[in-house]
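Peer 1: here you go, sequence then predicted model.
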Amino acid sequence: MNLLTPETGEGGTLVRPIDRSDYPRLFELDRAVYPTASPVTEDVVDQWYRRNREFGMIFPGEAPGSISGLFIVIPLSQEGWDNLITGKLTEAQMKDDMIFDPQRDTALGLHNYHIENLTGQQGFYKKALPALGNIVNALEPQVNLLGFSAYAVTNAGIRLHEKQFNMHEQGFFSKEYVIGDGEDLRVAELEPDEAGSIENKGVRVLRCKMLITTPGEKSIVWDYLKHK
Ligand SMILES: CC(C)(COP(=O)(O)OP(=O)(O)OC[C@H]1O[C@@H](n2cnc3c(N)ncnc32)[C@H](O)[C@@H]1OP(=O)(O)O)[C@@H](O)C(=O)NCCC(=O)NCCS
């Protein structure tokens with residue numbers, strides 16, 4: 001009897017921790033939307049998941065070996081969270097003491113490095129957020145959540161985090177833009193007038209946004225992350 005449902009995927013697993021064999025796919029998907037000159041490397045992702053690999057969430061698809069979605073969250077210490085959300089350091093610089101250590105830290109910052117829905121159906125976030133909630137709730141001892149952030153670099157990402165999750169830029173306004181369309185993308189820091197003149201030539205420009213919500217703010221995120 002096949003007990004699998006569309007929600008569970010291969011082997012009945014709803015979500016599994018990322019492993020090294022997932023890295024090429026993750027980098028390919030991330031590069032397709034954000035081809036930064038200083039990308040995250042395998043060594044950096046290894047650092048993120050040295051202790052709490054479960055925060056790199058891979059959603060298996062129904063076909064063996066397939067993936068229906070990714071929700072790659074970096075578990076951050078207070079120092080990492082503060083440096084990232086203020087733009088002092090980038091995702092690629094999140095390592096060592098910037099990463100949450102359950103033996104040392106009582107506070108945890110959650111940063112969404114990449115979310116991708118490969119199901120072809122809307123509503124992936126309704127699976128992704130509960131999965132993150134389960135992971136946070138399973139942490140022993142309990143932690144004080146600092147907030148949830150995402151560096152949104154696509155229209156879909158901005159819509160999801162701003163409109164659905166009610167997240168906002170809070171103090172740090174990135175000057176980084178994704179310029180172009182489809183496969184012809186580049187990333188550059190621009191002044192607003194430079195962005196305007198590129199746009200006037202008919203080229204798409206999208207300013208990247210560090211979007212944040214903190215506990216106590218109104219956001220669907222906190223319906224799922226009720227810890228402490
Ligand atoms: C970002 C992404 C993961 C969101 O997928 P998702 O969680 O399935 O989100 P949905 O497509 O259901 O969209 C969320 C909501 O916006 C609505 N929406 C979708 N497209 C819309 C549009 N063009 N205009 C207005 N609303 C729209 C949906 O109806 C949904 O609302 P609901 O929950 O009330 O039904 C997905 O778009 C994706 O994989 N994009 C490619 C990778 C990417 O850009 N990642 C983000 C990088 S920052």
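Peer 2: That came in fine, so what should we check first?
Peer 1: what residues does the chain have near the ligand?
Peer 2: By CB under 6 Å from any ligand atom, the part of the chain that sits against the ligand consists of 33, 115-117, 122-125, 152-154, 156-157, 159-160, 164. All C-beta atoms are positioned from the backbone trio N, CA, C, and that covers glycine.
Peer 1: if you set the cut-off to 8 Å instead, what comes out?
Peer 2: Residues of the chain lying near the ligand by CB under 8 Å from any ligand atom: 29, 33-34, 69, 112, 114-119, 121-126, 128, 150-161, 163-164.
Peer 1: gap between residue 191 and residue 183?
Peer 2: Residue 191 is 26 Å from residue 183, where distance means CB to CB, to the nearest Å.
Peer 1: list the buried ones in stretch 31-44?
Peer 2: For stretch 31-44, the neighbour count (16 or more other CB atoms under 10 Å) marks 33-36, 40, 44 as buried.
Peer 1: equivalent analysis for stretch 144-163, please.
Peer 2: 145-153, 157-158, 160-162.
Peer 1: repeat that for stretch 211-228.
Peer 2: For stretch 211-228, by 16+ other CB under 10 Å, it's 211-215, 219, 221-222, 224-225, 227.
Peer 1: same check, this time on stretch 117-124
Peer 2: Buried residues in stretch 117-124 (16+ other CB under 10 Å): 117, 119, 124.
Peer 1: so where's the chain uncertain?
Peer 2: For the chain, the stretches flagged by pLDDT under 70 are 1-13, 227-228.
Peer 1: and residue 117, how close does it get to residue 166?
Peer 2: Separation of residue 117 from residue 166 (CB to CB): 19 Å.
Peer 1: go on, residue 190?
Peer 2: Counting by CB to CB, the gap from residue 190 to residue 166 is 27 Å.
Peer 1: and residue 184, by the same measure?
Peer 2: Residue 184 sits at a distance of 33 Å from residue 166 (criterion: CB to CB).
Peer 1: of these two, which one has the most company?
Peer 2: Neighbours per residue (other CB atoms under 10 Å) separate residue 184 from residue 166, with residue 166 holding more: 15 against 10.
Peer 1: what sits against the residue nearest to the more buried one when sequence neighbours are not counted?
Peer 2: Spatial nearest neighbour of residue 166, chain neighbours left out: residue 219 (4.6 Å); criterion: CB to CB, 6 or more residues apart in numbering. With contact set as CB atoms under 8 Å, 6 or more residues apart in numbering, residue 219 has these partners: 148, 165-167, 213.
Peer 1: let's see 6 Å
Peer 2: Shown in contact with residue 219 (CB atoms under 6 Å, 6 or more residues apart in numbering): 165-166, 213.
Peer 1: take the buried residues of stretch 31-44 and keep only those in helices.
Peer 2: Cross-referencing the buried residues of stretch 31-44 against helices under DSSP state H gives 33, 44.
Peer 1: if we can go back for a sec, export the buried residues of stretch 117-124 to TSV and tack on secondary structure?
Peer 2: As requested, the buried residues of stretch 117-124 are exported to TSV (DSSP: H, G, I helix; E, B strand; the rest coil):
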residue	secondary structure
117	strand
119	coil
124	coil
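Peer 1: quick check: phi and psi on the residue positioned nearest the centre of the chain?
Peer 2: Taking CA atoms, centre = their mean, the centroid of the chain lies closest to residue 112, which sits 2.1 Å from it. Dihedral angles of residue 112 (phi, psi; degrees, to the nearest 10) stand at phi -80, psi 100.
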